[in-house]
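A.B. asks: missing the sequence, but the structure's below:
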């Protein structure tokens, strides 16, 4: 990242605060800050509405937002990305940045609202909420509300289950019969969702609950059943004797990323090779151009989880202890901010994932990354620790949602199966946050993500000591601190040589030797003699730590030297002082 | 002499003598010559020339399609790929000649099989190893910051003596921080050997690649041009984080072009790759699994027979008996087998000829390493006689215990006793390197040689030198003194890059004929798929029983055994027209994942109702062996 003059920055932000006319933000104001764009956060938005909200926000806040299409989806929809950056404090590429997306699985819809909410809340807070204003002056954000626009559009436009339309929409031969997407589900009962089909079968293992016939339960041993399960709603379109075996798409774009990618035979849905889906390629190409991305979040549903890599047990040791400590601190903070959510490791606490997105960010690019699984239906019970019964779930259905996410069973004359029962949870059931709870979910996840963003590395010169060793030989010792949890280089990046090492340069005098010392009193160093004026620091400055460096230089007393510390994932810092024997407190510069 | 003067001198020298002395290596095709030759081949009625993509440097990647059919993509095909490994110029020469030999000698075989040939998959890499400067370049034209100093390719090799090749430098008066490592072999002072203390040998010089410290960082040629080693850029066991493996699998246009071509051509039934890898002489590992525990590192045990058979055909055709082993992680040939699901044969086209292999004047054959198989050779480590293998095992155990990697600097503080103790705690066996005394002890001097000392085994390099000397090949640059700006007195010389990989050009025709013989053997062995039947039985009352059997009379299976479990090759689809409700026995759509060789069968059987049998059909669809519709009648 490029140099940045601290002096200019504070003057600019002063000027901006003055312009916005509200230097003091009171407690009341905090509760009632209007946005220039009205958005209701108790409903969901399809692809076109999402596009409209983005355009409205960018139009309303042109000083902070720019809208850019990363490319086109399989079906030609734009992959919209919003850059949030205050250009008055520098270009986005000069600042640490957080990448935030959602909805890679088309059915996991509220991920998109969570990203939209984040842009909406940040923009209205600029100049009004000190903490967020400071954050927006220091860092940049890249928001991609839906990285699977086709899957999203299909979920809204077509009948679906809560779990379908996870894939993108590239026609795929899932049943190996040489035809593509030829046998998808049908909404036979016309309720707008794909629900379940049951066959009347005196030998079936299921029956309807005597008190509430909406509940279909397993028959206890020795009792007579009445129903057997047929699967989801649909007919045998291709006449092969199977139903719904080759629906739209049929792959998983969260298994299509480069780190630990494995083929379809090992990882379902992986694609033919990493980045072979246009949506994934568009995002990957963009991220590869932004080495300043220091933090990543990818919203999913469901289950109430804050997940980090690795995705496979054999990669456990790839995550060094220093990094695990950082993840633990941020993840546990998330558990506080997100009631009913658990901080978990993907392979150990969930399941094995090869080629997942946050794995690529963390392992392939050295970016501190999480994926949040939004909404957990434990929230429908006062006591989240226990499993709830079918009856309790129906109480929630009836008393809180007034039956809106359930289609009662009805009989249907099926072309292949004869008389069947069709009904069950609609596509809005189980995985999607109930609308009345959406805003809270958006806000809590936003708050966690801002905590994550606030912990992107921030480097500061703290102290310098200049000592005269002989007539023109000087020893300059400098302390640099990182006040945030995330290091300027993650340990995984340093160890695996990912990205560029940090670089510390000294200009204005002839550098004879340079190196790192354990602290300012350390009398010995292992210096580098090769190009000592540009010291390369593979480990960077770790989170919440300080590092001490020493230069032996030749120069005239009083001549100015310039120090410049450059890091890909932190803002570059610069200091100037003359060669004169003294200690300098650089911390408030 | 200043650095700049040296540059100017070498530039001038190479300009003076481009075509004569410095054309490197002589008789090999550069990209222009290759294009011309391919165009000329494509004038044949059975050949056509196209490209599968462009290299990073913008050069077309040629594809030669040779086929006796006017629909070459609709019959089974063999893919031959050369020139992916930049140094293996020989592979391009051989692949091109295979095309010529096939067209002139075996055109009849092309009626049933198409051959796709990509003679040079890495044209930019090849260009780097041709005139005016041959530098032993491995990958493509991607820039890589090898020394991680935030500068790209700022310290490349320099042709200091202006001979058109990058060789080695012996630093004759090393400084105190540069301990000597080698001395000139007393038997042949052209060669460098490590000192043998028992012989009283003392190292006298250090070795560097020919060049300058262009970026003044104290190191020489540590950030040369490029590159991504294309044979590490494919998906199977992709060595992520290796600086030469690419930023992600298929990050390079050359590797992407090959994969796309294969994915778009379902008629390909097998691939032959010419380059640094071999799996025909050295049989591939049929036991180990990759890191997931689910895919084979080499091949699946069920395909071992197939590779054994192909290996025999290869040895018969070429009379080659040894080949270099190379790590196949991320290679093209590994991907073709493990993920694309096809038989994938890798050929290292040339090695030290048989006659040059025996040790001079010694009757008993030196045990060739692959044959002495059972006992693995242990690598010495800096810690006593503890083997490096043991250290690696301990390091892994340490990492598993603590989650920390072993710091290299730790190794300098460790004693053999500490290792023994640690190993005992973990229950790891300490494997020690035996003192290297066997050669002297066990070689009886049967011929009463005049030398008092027992005859030493000839080193591999010595055998190469002897071979080159015998054939009058200028493979070696004799050491000549040079005044190096930072290293002081040096000598520049050594083997020319690639000289042990690429044979003298006059051997290429004969070499290619041998490889053509292997290709024709593969074509002969190709699956021969026939459909037997239908057999129709009228069971009465509109009920029929029908059988159809697919038989493979070839010597190769239609698919590898492994691909049948991974479903990575599209199946043959057998589809009965009858309504699914009318079928009493059998599937309306059958999928055949593979048919074994030597009469292997896939049997299909239905009993179904039909009002009019003559309206019913069985469709068999296969992208390799063609589609057919069988009309049923009683």
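C.D. replies: Ah, there it is. Keep in mind it's a predicted model, so treat the numbers as computed, not measured.
A.B. asks: the stretch 51-200 of chain B: helices as residue ranges?
C.D. replies: Applying DSSP state H, counting those that start in this stretch to the stretch 51-200 of chain B gives helices spanning B:89-105, B:123-128.
A.B. asks: for the stretch 201-350 of chain A, same thing?
C.D. replies: A:278-288, A:321-337.
A.B. asks: if you compare those, which one is most tucked away?
C.D. replies: Stretch with highest mean neighbour count among these: helix A:278-288 (a mean of 20; mean count of other C-beta atoms under 10 Å in any protein chain shown). No exception for glycine: its C-beta is placed from N, CA and C like everyone else's.
A.B. asks: which other helices and strands does that helix contact?
C.D. replies: Packing partners of helix A:278-288 (3 or more C-beta pairs under 8 Å, 6 or more residues apart in numbering or on different chains; DSSP states H and E): strand A:65-72, strand A:78-84.
A.B. asks: stretch A:195-203 spans what distance, first to last residue?
C.D. replies: End-to-end distance of stretch A:195-203 (C-alpha to C-alpha, to the nearest Å): 23 Å.
A.B. asks: hmm, back to that, nearest to residue A:420, out of the helices of the stretch 51-200 of chain B?
C.D. replies: helix B:89-105 (60.7 Å; C-beta to C-beta).
A.B. asks: on contacts alone, who are the packing partners of the closest one?
C.D. replies: The helices and strands touching helix B:89-105, judged by 3+ C-beta pairs under 8 Å, 6+ apart, are helix B:31-41, strand B:60-66, strand B:77-81, strand B:114-118, strand B:268-274, helix B:508-525.
A.B. asks: how near is the residue lying farthest from the centre of chain B to chain A?
C.D. replies: For chain B, the residue at maximal distance from the C-alpha centroid (C-alpha atoms, centre = their mean) is residue B:541, at 62.3 Å. Separation of residue B:541 from chain A (C-beta to the nearest C-beta, to the nearest Å): 22 Å.
A.B. asks: same question, residue B:78
C.D. replies: Distance of residue B:78 to chain A, computed by C-beta to the nearest C-beta: 21 Å.
A.B. asks: neighbours around that residue, how many?
C.D. replies: If you count neighbours by other C-beta atoms under 10 Å in any protein chain shown, residue B:78 ends up with 21.
A.B. asks: same question, residue A:586
C.D. replies: For residue A:586, the neighbour count with other C-beta under 10 Å is 18.
A.B. asks: just checking, it touches residue A:465?
C.D. replies: No - Residue A:586 lies out of contact with residue A:465 (C-beta atoms under 8 Å); the separation is 10.7 Å.
A.B. asks: report pLDDT for residue 274.
C.D. replies: I'll assume chain A. pLDDT for residue A:274: 98.
A.B. asks: I was thinking of chain B, sorry if that wasn't clear
C.D. replies: At residue B:274, pLDDT is 98.
A.B. asks: residue contacts, it?
C.D. replies: For residue B:274, the contact set (C-beta atoms under 8 Å, 6 or more residues apart in numbering or on different chains) comprises B:80-83, B:88, B:90-91, B:94-95, B:347, B:349, B:515.
A.B. asks: make it 7 Å
C.D. replies: B:81-82, B:88, B:91, B:94-95, B:347, B:349 (C-beta atoms under 7 Å, 6 or more residues apart in numbering or on different chains).
A.B. asks: could you check how far residue A:438 is from chain B?
C.D. replies: Counting by C-beta to the nearest C-beta, the gap from residue A:438 to chain B is 36 Å.
A.B. asks: again with residue A:258
C.D. replies: For residue A:258, the distance to chain B equals 4 Å [C-beta to the nearest C-beta].
A.B. asks: ok, that residue to residue A:500 distance?
C.D. replies: According to C-beta to C-beta, to the nearest Å, residue A:258 and residue A:500 sit 19 Å apart.
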